[in-house]
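>>> Let's see this in three dimensions:
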Amino acid sequence: MINLYAFPATATPYSVNKIKIPALLLLLLFSQGLFAQNTAPIDTIKPGNGPRKEQLKEIKEVKTQLLKDSTNGEPKKSLPIKIDTTVRNKYGDLLNDDKKFNKRYPLWKPLVEVVGVNVFTQSLDRFVLKADFSKVGPTSWGDNLRNGWEWDSDRFGINFIGHPYTGSMYFNAARSQGYGYFQSVPYAVAGSLMWEYFGETTRPSYNDVINTPINGAFLGEIFYRISSNILDDRTTGSERVFREIAAGLIDPVRGLNRLLQGKSFRKTNTEVYQKEPFNITLFAGMHKINEDNKTVFGKGPTEALFNIQLDYGNPFEDRSRKPFDFFKLRTEFSFGSGRKILDNLTGYGILVGKNITHDKFSMLYGVFQYDDYWDNKTFELGAIGFGGGVFLKNTLSENIHLYTNAHLALVPLAGNSTRFGPDTSQIRDYTYNNGLEGKFETTLNLGKAASASFVYYYFLLHTTVGEAGTNYISILKPRVTVRLFSNVSLGFEHFIYFDDRYLKTLPAIYSVRTEQKIFLSWFLEDPQRKGRYN
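Below is the predicted model of the structure:
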């Protein structure tokens, strides 16, 4: 053993101090290095250190207290917990699923499951729903292979929600078996091609093979991320059962795979899934749909509304970025008149990006994927988008923040109704389009007391299938909220929809529709991601 305090017998007191002080520093640094290497991760249950449930509670309380978001969008700088930010984010959670517990299965296994999804869907259509298009066999398969592709005439909801949801199941057949985002997309493509040729009697359609894998990957990754935030293999008992059921309802294919892989019942001592701070906002209220142009609270139906907004990840955390580490998804449901319940679904997720932070200013810029779906009494619009986006945060004071984001994207495929409002017929009443979209959102938060936001979407769409022409669509949504108590607020939103349609062979069409929404919102704020960003 080396004696760090050894010194010559002839040394003076001064020389002793000169030797002893550096030795103490070396010893301290060395001991800290050993401690850091042997310390269990902060999310780890230690056997024999008390009940698992109590340890999990303590782990959560410690992380929430010591790693909560500060005013600049990052956890506090000086922490008693040391985090390896190449493995974990600054909130102490994994940046990637732990491969030791989430191995990648052979290529053929997700492919077999994709086939299973198609067989199940086709059997449901044929034997339960008795759909004519499901009566497939060698004759229809041969016809589809010989006759080639077309743009189909399926209803709007089938093409822009139904097919993407099926695509999410193809995607998660691979994603839940250890494959990454980009590695899972080919399985969604394969599933779509398989269905187009062999799942129905109609000819393969261009729009489906675009919509199914692209929007399927968008929804699939969101379902996977949300279910990861719910799952916790360290838990047991009724809590574990609840987590498994909730995650399975959100991501059914993953739920099935967890049963087949034995993950639903395994117990780990450490967290094994990537998690990110996650805010949820629930809205409930009424909205007035005005039949006359430019009217406020005019003649027209009044319906109940229920909205859910999901804000996943912190756009202002300074870190490396990969697909969907940050995303927003907002859905609105409308009840009261007509058969349509899902009014709209809009969102975006980051694909690649970079952060910049300087004093009271934070920015994220990168490439995003966008999904827009509107199907209500006012209009039908569905769009896929890929483009650039930037998110800005300005801290005006300790409690006042201004959040702004802007986007410009290419739209390879869109559907847009040819009527003032959608009808209920069984035939296609919309055109296929491509073009551009722009989005601008800004929110001023006055602490928790109130907020004011302004949202503007713009679509420039050229018709590729249908009556030739160009559509200019704008959606404008100013909104204010005032806090009533706790995280419950009262809000008002004025919605304006503009559609200018210029057709080559018919007169131009100009449409303006308005809605007013009064609602209560309940903001479920993750202490590790503060702020109503949008």
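>>> Contacts only, for Trp151.
Listed by C-beta atoms under 8 Å, 6 or more residues apart in numbering, the contact set of Trp151 reads 205-207, 432, 465. Every C-beta, even on glycine, is put in place using the N, C-alpha and C of the backbone.
>>> Next: Asp97.
Applying C-beta under 8 Å, 6+ apart, we find Asp97 in contact with 178, 228, 272-274.
>>> now Phe120
Here Phe120 is in contact with no residue (C-beta under 8 Å, 6+ apart).
>>> In which helix or strand does it reside?
The secondary structure element spanning Phe120 is helix 108-123 (assigned by DSSP states H and E).
>>> Could you do Gly216 as well?
In this structure, Gly216 is located in helix 206-230 according to DSSP H and E.
>>> ok so, going back, nearest to Gly336, of the contacts of Asp97?
Taking C-beta to C-beta as the measure, Ser228 is the one of the contacts of Asp97 closest to Gly336, at 35.5 Å.
>>> surely the closest one meets Tyr273?
Yes: with contact defined as C-beta atoms under 8 Å, Ser228 and Tyr273 form a contacting pair (4.2 Å).
>>> ok so, going back, what residues sit buried inside the helix holding Phe120?
Neighbour counts over helix 108-123 (16 or more other C-beta atoms under 10 Å) mark 109-111, 113-114, 117-118, 121-122 as buried.
>>> What of stretch 43-53?
By neighbour count on 16+ other C-beta under 10 Å, the buried set for stretch 43-53 is 43, 45, 52.
>>> Need the phi and psi values for the last one.
In other words, Arg52. The main-chain torsion angles of Arg52 are listed as degrees, to the nearest 10 and equal phi -60, psi -40.
>>> residue contacts, it?
The contact partners of Arg52, taken as C-beta under 8 Å, 6+ apart, are 45, 234-236, 267.
>>> if you set the cut-off to 10 Å instead, what comes out?
Taking C-beta atoms under 10 Å, 6 or more residues apart in numbering as the contact definition, Arg52 lies against 45, 234-237, 239, 267, 269.
>>> By neighbours, which of these wins?
The member of the contacts of Arg52 surrounded by the most neighbours (other C-beta atoms under 10 Å) is Ile45, with 22 neighbours in all.
>>> quick revisit: got any residues that touch both of Ser228 and Tyr273?
Common contacts of Ser228 and Tyr273, defined by C-beta under 10 Å, 6+ apart, comprise 93-94, 97, 102.
>>> Distance of the nearest residue to Ile509 once chain neighbours are set aside relative to Arg532?
Beyond its immediate neighbours in the sequence, the residue positioned closest to Ile509 (C-beta to C-beta, 6 or more residues apart in numbering) is Arg501, lying 4.2 Å away. Arg501 sits 35 Å away from Arg532 when distances are taken as C-beta to C-beta, to the nearest Å.
>>> Walking through the stretch 101-250 of the chain, point out its helices one by one.
In the stretch 101-250 of the chain, the segments counted as helices under DSSP state H, counting those that start in this stretch are 108-123, 138-147, 156-157, 163-175, 181-198, 206-230, 237-250.
>>> my bad, should have said the stretch 251-400 of the chain
Taking DSSP H, counting those that start in this stretch to define them, one finds helices in the stretch 251-400 of the chain at 252-261.
>>> sorry, back to before: comparing the helices of the stretch 101-250 of the chain, which yields the minimum mean pLDDT?
Ranked by mean pLDDT, the helices of the stretch 101-250 of the chain bottom out at helix 156-157, which scores a mean of 92.
>>> Next, the buried residues of the helix or strand containing the residue nearest to Ile509.
Here Arg501 is covered by strand 488-503, with elements defined by DSSP H and E. The neighbour-count criterion (16+ other C-beta under 10 Å) identifies 489, 491, 493, 495, 497, 499, 501, 503 as the buried residues of strand 488-503.
>>> ditto for stretch 146-156
When neighbours are counted by 16+ other C-beta under 10 Å, the buried residues of stretch 146-156 are found to be 152, 154-156.
>>> For the protein, give me the ranges with low pLDDT.
For the chain, residues meeting the criterion pLDDT under 70 lie at 1-40, 71-73, 76-81, 293-294, 337-338, 419-427, 533-534.
>>> Relative to Gly199, how far out is the residue lying closest to Ala131 once chain neighbours are set aside?
Residue nearest to Ala131 in three dimensions, not counting chain neighbours: Asp125, with 4.5 Å by C-beta to C-beta, 6+ apart. The span separating Asp125 from Gly199 equals 8 Å under the rule C-beta to C-beta.
>>> So for the two, which residues contact both of them?
Overlap between the contact sets of Asp125 and Gly199, as judged by C-beta under 10 Å, 6+ apart, is given by 133-134, 136.
>>> Name the nearest of the shared contacts of Ser228 and Tyr273 relative to Ile308.
Using C-beta to C-beta as the measure, the one of the shared contacts of Ser228 and Tyr273 that approaches Ile308 most closely is Asp93, at 22.9 Å.
>>> Bridged to Ile350, which residues?
Beta-bridge pairing of Ile350, defined through DSSP bridges, involves Phe368.
>>> shouldn't Lys60 be in contact with Asp43?
Yes: under the criterion of C-beta atoms under 10 Å, Lys60 makes contact with Asp43 at 9.1 Å.
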